[in-house]
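Undergrad: with the sequence up front, the predicted model follows.
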Amino acid sequence: MNRALQMVDPTDRGVHDSNFRKTIRDGEERLLLALLESATEDFQKYIHAQDKRGKELFDAAEEWFLTTDDSYFLSFENVCEYLHFNPHYVRTGLMRWKAAHSNNATRRHANTVNAPLAPA
């Protein structure tokens, strides 16, 4: 049997505490990742929302991404830091995505408005 495994006592308080802290860290990470994922989904899903609720969800997500204040625990900056993401990189990618989708929507709208009427 491996000598390193023989030295680990499962009742050792240090091993238990270490595993417990890892479980908590994993749970915190999953929670913060879910928060980031939810904001990203709202940002992308409601970019062209016409209803009040959709606009509110988009605006809230965009404001969260763009705010650089890190004074509260669940700020975008702090969530990214905890997850080891570069907030500037993520923010830049989201703003590029928004610009690309806004441009596509503008072009589609222009094509619809300027399209010749079909003969009756």
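TA: Cool, the structure landed. Numbers count the residues shown, from 1 in each chain.

Undergrad: which non-adjacent residue is nearest residue 32?
TA: residue 79 (4.9 Å; CB to CB, 6 or more residues apart in numbering). Just so you know, the C-beta spots here come from the backbone N, C-alpha and C atoms, and that holds for glycine as well.

Undergrad: export the strand or helix carrying the one you found to PDB, keeping only CA atoms.
TA: According to DSSP states H and E, residue 79 maps onto helix 76-83. What follows is helix 76-83, C-alpha atoms only, in PDB (Å, rounded to 0.1, in the frame of the first residue of the first chain):
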ATOM      1  CA  PHE A  76     -19.200  42.200 -11.400                       C
ATOM      2  CA  GLU A  77     -15.600  43.100 -10.600                       C
ATOM      3  CA  ASN A  78     -15.600  40.900  -7.400                       C
ATOM      4  CA  VAL A  79     -17.400  38.000  -9.100                       C
ATOM      5  CA  CYS A  80     -14.900  38.000 -11.900                       C
ATOM      6  CA  GLU A  81     -12.000  38.300  -9.400                       C
ATOM      7  CA  TYR A  82     -13.300  35.300  -7.400                       C
ATOM      8  CA  LEU A  83     -13.700  33.200 -10.600                       C
END
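
Undergrad: elements contacting that helix?
TA: helix 13-45, helix 87-114 (3 or more CB pairs under 8 Å, 6 or more residues apart in numbering; DSSP states H and E).

Undergrad: which residues touch it?
TA: The contact list for helix 76-83 (CB atoms under 8 Å, 6 or more residues apart in numbering) reads 28-29, 32-33, 35-36, 39, 64-65, 67-70, 72, 86-87, 90-91.

Undergrad: ranking the helices and strands packed on helix 76-83 by mean pLDDT, which is last?
TA: Looking over those, mean pLDDT reaches its minimum on helix 87-114, with a mean of 79.

Undergrad: what's around the residue lying closest to residue 72 once chain neighbours are set aside, how many residues?
TA: For residue 72, ignoring the flanking residues on the chain, the nearest one in space by CB to CB, 6+ apart is residue 78 at 7.5 Å. For residue 78, the count of nearby residues is 16 (other CB atoms under 10 Å).
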